[in-house]
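> This is a predicted model, with the sequence first.
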Amino acid sequence: MIALAYCTEGDVRARCDTDVTTAEMPNLIAEASAWLDRKITVAGLTVPMRRLLAATLTAIICMMKDPSSQKLGEYAEDRAASLAKLNKMLDEMLVDAGGGVGFRYAYDPVPRSYIAVG
């Protein structure tokens, strides 16, 4: 079964500067879209939200392929910091999308008042 692509190459390139070729991009987008289909219920999401999630996840995958910093003239990009920002944004979007996946990323312990006793 081929996954429906929820975003375009332009959506991904708007989120990150990457060396991933145009030939590679459709496969990465399809993988990100398939992961979203598997992990969250995308049927209840709006089309722009699906596009945002897929483009952000694909941008993360692209940046992980080349995580070192880049410099072009006076412009320099700390890719590690950019990757961390994209990961944080994706975590927040997954929680907002209600997929349940995002809740695994909570690092705070559950307050005692929320624990069932007796």
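Arrived safely, thanks for sending.

> any idea which residue sits dead centre in this structure?
Against the mean C-alpha coordinate of the chain, by C-alpha atoms, centre = their mean, the closest residue is L57 at 2.4 Å.

> That one belongs to a strand, doesn't it?
No: L57 sits outside any strand when classified using DSSP: H, G, I helix; E, B strand; the rest coil, being helix.

> Next, C7: secondary structure please.
Taken by three-state DSSP, the conformation at C7 corresponds to coil.

> Report the contact partners of it.
For C7, the contacting residues are I29, A32, S33, R50, R51, L52, A54, A55, T58, by C-beta atoms under 8 Å, 6 or more residues apart in numbering. (Each C-beta comes from the backbone N, C-alpha and C, glycine too.)

> returning to what we had before: quick one: contacts for the residue nearest to the centre of the chain?
Applying C-beta under 8 Å, 6+ apart, we find L57 in contact with A32, W35, L36, L90.

> Break down the protein into its helices, ranges please.
With DSSP state H as the criterion, the chain has helices at 9-13, 25-39, 47-65, 79-97.

> just the CA coordinates of the shortest one, formatted as CSV?
Which is helix 9-13. Only the C-alpha atoms of helix 9-13 are listed here, as CSV (Å, rounded to 0.1, in the frame of the first residue of the first chain):
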residue,chain,number,x,y,z
GLU,A,9,8.9,19.2,-1.5
GLY,A,10,8.3,23.0,-1.3
ASP,A,11,6.7,22.6,2.1
VAL,A,12,9.7,20.7,3.4
ARG,A,13,12.3,23.1,1.9
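
> buried ones in that helix?
Of the residues in helix 9-13, those buried by neighbour count under the rule 16 or more other C-beta atoms under 10 Å are E9, D11, V12, R13.

> And the third one, how far from A43?
This points to V12. Going from V12 to A43 by C-beta to C-beta, to the nearest Å gives 23 Å.

> Where does pLDDT dip in this protein?
Where the chain drops to pLDDT under 70, the residues are 1-3, 67-73, 75-77, 98-118.

> count of neighbours near the nearest residue to L86 once chain neighbours are set aside?
Counting by C-beta to C-beta, 6 or more residues apart in numbering, L86 lies nearest to I60, which is 5.0 Å off, once chain neighbours are set aside. Here the neighbour count serves as a burial measure; for I60 (other C-beta atoms under 10 Å) it reads 20.
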